[in-house]
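*Asks:* no sequence for this one, just the structure:
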């Protein structure tokens, strides 16, 4: 699953959870997603620096491990402030992982097929999703 598909899935699931399970209105549902987007965008610069300093692999592993501990903070509570805050914090780590996927994937293939192979692999989520 590509980074953009992962982001859509995560943002779609939180919106559905807030509407269906917790009965929140549309304005309240939009706030965590609206805060997580710019937070993830701004954090991508920091994770880019981490990638330059420590390598792309570690710039994806570190936020993934931190995200494991952040996720239960908003999934297992009904407190809206906790949900919005933890989801916003998680946006910082999702941006790190999704921002590194294309360049990291391109390095896995020989130069002759690098663009074609990485594009093919990166978009498999969209391809298989379109078959439904």
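*Replies:* Great, that's in hand. All figures in this text were calculated on a predicted structure; none of them were measured in a lab.
*Asks:* and residue 53, how far is that from residue 46?
*Replies:* Computed as C-beta to C-beta, to the nearest Å, the residue 53 to residue 46 distance reads 11 Å. All C-beta atoms are positioned from the backbone trio N, CA, C, and that covers glycine.
*Asks:* the more surrounded of those two?
*Replies:* Higher neighbour count among residue 53 and residue 46: residue 46, with 14 against 9, using other C-beta atoms under 10 Å.
*Asks:* Quick check: the gap between the more buried one and residue 67.
*Replies:* Per C-beta to C-beta, residue 46 is found 15 Å from residue 67.
*Asks:* to the chain's geometric centre, what's the distance from the helix or strand encompassing residue 62?
*Replies:* Assessed by DSSP states H and E, residue 62 sits inside helix 56-75. Its chain's average C-alpha position is 10 Å from that of helix 56-75, according to C-alpha atoms, centre = their mean, to the nearest Å.
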